[in-house]
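A.B. asks: Here is the input, now give the coordinates:
(one chain, ligands or ions: 1)
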Amino acid sequence: MIPSDGTAELTRLRLNDKTAAHAAGERYFVTVSTSRPGSTPPGKPSNPPAASTMNTTTGSSTDSTAFTDLALIPPILEALRADGYERPTPIQAQSIPPALAKRDVLGIAQTGTGKTAAFALPIIQRLVTELRPGMKLPVGRKPKALVLAPTRELAAQIAESFASYGRHTPVRFAVIFGGVGQGPQVRAIQQGIDILVATPGRLIDLLQQRLVSLDEISFFVLDEADRMLDMGFIEPIRRISALLPRQRQTMLYSATMPKEIRHLADNLLRDPVTVTVTPVSSAVDRIDQKLFFVLKAQKTQLMIHLFHTLEMERVVIFTKTKHGADRLTRKLKAAGIGSEAIHGNKAQNQRVRALDAFRSGRSPVLVATDVAARGLDIDDVTHVINYDLPMEPEAATSRSDSC
Ligand code: AMP
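C.D. replies: Numbers count the residues shown, from 1 in each chain. Model (predicted):
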């Protein structure tokens, strides 16, 4: 039975304690993470990013740095001001100057640190000032910048950032990913673009059909490189990078640096500036975490119970399988709790609709498989639930941290 007073907590678990996590056993394991009041993730406009520790080959502390100190051009500064960005985050303050000075950058940072602007702003600026000067850009021009991201959602998010930061410049972009028809994406590319944001699979498809050219790429960004590795994209990345001009600027971002990523970085980057950003307090310190032991058959009932007793306003539930996500969503809906699922079997428009419903608050629950939810940046999530035991403890904390 589930206690009715909401105190089903049997133990508090530090999620980086492998022994405890494994001892808990997968089948009876549910964790719930709640942000502590005042612990808004770094980088939200409403709440300026918290200080982070930083090791770089250049530069030092960043707290007093302003965007105007970074030699950014007025149209970019104007967009940032309108977006409510007051100060650069540490990764931005440390990587924008070397990137503007044409250096390669190795950024060790996760989603939520502001890393998208850290690579997007220098690319937009260098395009406008050096590579595409003038307000009238030729129709049919080939892309100068390529950004690779592991998932469709992340690619779309990055493209939105380019759209926003570059809205007062003539720079144009296209975003391409699988799961939707290629026609509109190809047409967008053929009209002429400066920046191409892509997932590796669709890019290779279009390259094979000779519908996109990488001959003029001067900037190459590899985002979430460790996720790329997890998702089996290292070989496609090698194929793509072999097609890029040698004369280019490369920026690689990864939350972790396993051996394979280190090798990849060694191959792709030339004398990079390394910027490492680690939050002052770990997810474990800033987030309340609870572990519940229940029979497998009672997990859904526990979800419903927690939803009501813990006043979950906006909750992401991670499941291990796509079917598990669908099953849970159906049961929650049947219990009158608005829920949407996102996973790899959903068509792109279904995923967009589900995310919109969640972001707008129409649906308070988003059920997601890990892969589908990687790198998503969603504001104001009050609870994160690991419905199944994550295989790596770090996966659980980064899920809680990045939502
Ligand atoms: P990212 O790590 O690039 O996914 O960014 C995380 C969030 O921080 C996004 O919602 C950005 O819009 C926001 N953000 C990025 N840079 C800043 C900044 N300097 N000030 C405030 N918010 C920011």
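
A.B. asks: Please count neighbours and contacts with C-alpha atoms only from this point.
C.D. replies: Noted.

A.B. asks: So stretch 78-89, near the ligand or not?
C.D. replies: Yes - using C-alpha under 6 Å from any ligand atom, stretch 78-89 reaches the ligand at 85, 86, 87, 88, 89.

A.B. asks: any idea which of those residues has the most stuff around it?
C.D. replies: Within the residues of stretch 78-89 next to the ligand, neighbour counts (other C-alpha atoms under 10 Å) peak at residue 89, which reaches 28 neighbours.

A.B. asks: so who does the nearest residue to residue 274 once chain neighbours are set aside touch?
C.D. replies: With sequence-adjacent residues excluded and distances taken as C-alpha to C-alpha, 6 or more residues apart in numbering, residue 274 is closest to residue 106, at 4.7 Å. Going by C-alpha atoms under 8 Å, 6 or more residues apart in numbering, residue 106 touches 251, 252, 253, 265, 269, 272, 273, 274, 275.

A.B. asks: again, only this time at 10 Å
C.D. replies: 56, 95, 222, 250-254, 262, 265-266, 269-276 (C-alpha atoms under 10 Å, 6 or more residues apart in numbering).

A.B. asks: Can you tell me the SS state at it?
C.D. replies: Here residue 106 is recorded as strand under DSSP: H, G, I helix; E, B strand; the rest coil.

A.B. asks: now swap in residue 297 and tell me
C.D. replies: helix.

A.B. asks: Which pLDDT value belongs to it?
C.D. replies: As predicted, residue 297 sits at a pLDDT of 86.

A.B. asks: how near is it to residue 311?
C.D. replies: Using C-alpha to C-alpha, to the nearest Å, residue 297 is found at 23 Å from residue 311.

A.B. asks: what do you get for residue 359?
C.D. replies: Computed as C-alpha to C-alpha, the residue 359 to residue 311 distance reads 18 Å.

A.B. asks: measure the closest residue in space to residue 141 that isn't next to it in sequence to the ligand for me?
C.D. replies: Nearest non-adjacent residue to residue 141, counting by C-alpha to C-alpha, 6+ apart: residue 192, 4.3 Å away. Relative to the ligand, residue 192 is positioned 26 Å away (C-alpha to the nearest ligand atom, to the nearest Å).

A.B. asks: And for residue 354?
C.D. replies: In terms of C-alpha to the nearest ligand atom, residue 354 sits 19 Å off from the ligand.

A.B. asks: packing partners for the helix or strand that residue falls within?
C.D. replies: Element membership for residue 354, per DSSP states H and E: helix 348-359. Judged by 3 or more C-alpha pairs under 10 Å, 6 or more residues apart in numbering; DSSP states H and E, helix 348-359 is in contact with helix 152-165, strand 339-342, strand 365-369.

A.B. asks: Is there any residue in the longest one that contacts the ligand?
C.D. replies: Read that as helix 152-165. No - legend: contact between helix 152-165 and the ligand by C-alpha under 6 Å from any ligand atom is lacking; minimum distance shown is 7.4 Å.

A.B. asks: Let me see the contact set for the closest residue to residue 333 other than its chain neighbours.
C.D. replies: Leaving aside its chain neighbours, residue 333 sits nearest to residue 339 (6.1 Å; criterion: C-alpha to C-alpha, 6+ apart). The neighbours of residue 339, taking C-alpha under 10 Å, 6+ apart as the test, are 315-317, 326, 328-333, 354, 357-358, 362-367.

A.B. asks: Double-check that residue 271 belongs to a strand.
C.D. replies: No - according to three-state DSSP, residue 271 belongs to no strand; its state is coil.

A.B. asks: Can you tell me the number of residues neighbouring it?
C.D. replies: By the criterion of other C-alpha under 10 Å, residue 271 has 11 neighbours.

A.B. asks: Dump the helices and strands packed on helix 348-359 to a markdown table, plus mean pLDDT.
C.D. replies: Converted to a markdown table, those look like this (pLDDT from 0 to 100):
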| stretch | mean pLDDT |
| --- | --- |
| helix 152-165 | 95 |
| strand 339-342 | 92 |
| strand 365-369 | 91 |
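
A.B. asks: With distance to residue 231 added, can I get these in CSV?
C.D. replies: Below are those laid out as CSV (distance: least, C-alpha to C-alpha, whole Å):
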stretch, distance to residue 231
helix 152-165, 13
strand 339-342, 17
strand 365-369, 13
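
A.B. asks: Residue 239 is nearest to which of these?
C.D. replies: helix 152-165 (19.2 Å; C-alpha to C-alpha).

A.B. asks: Heading C-terminal from the closest one, find the next helix or strand.
C.D. replies: Using DSSP H and E, the helix or strand that follows helix 152-165 in sequence is strand 173-176.
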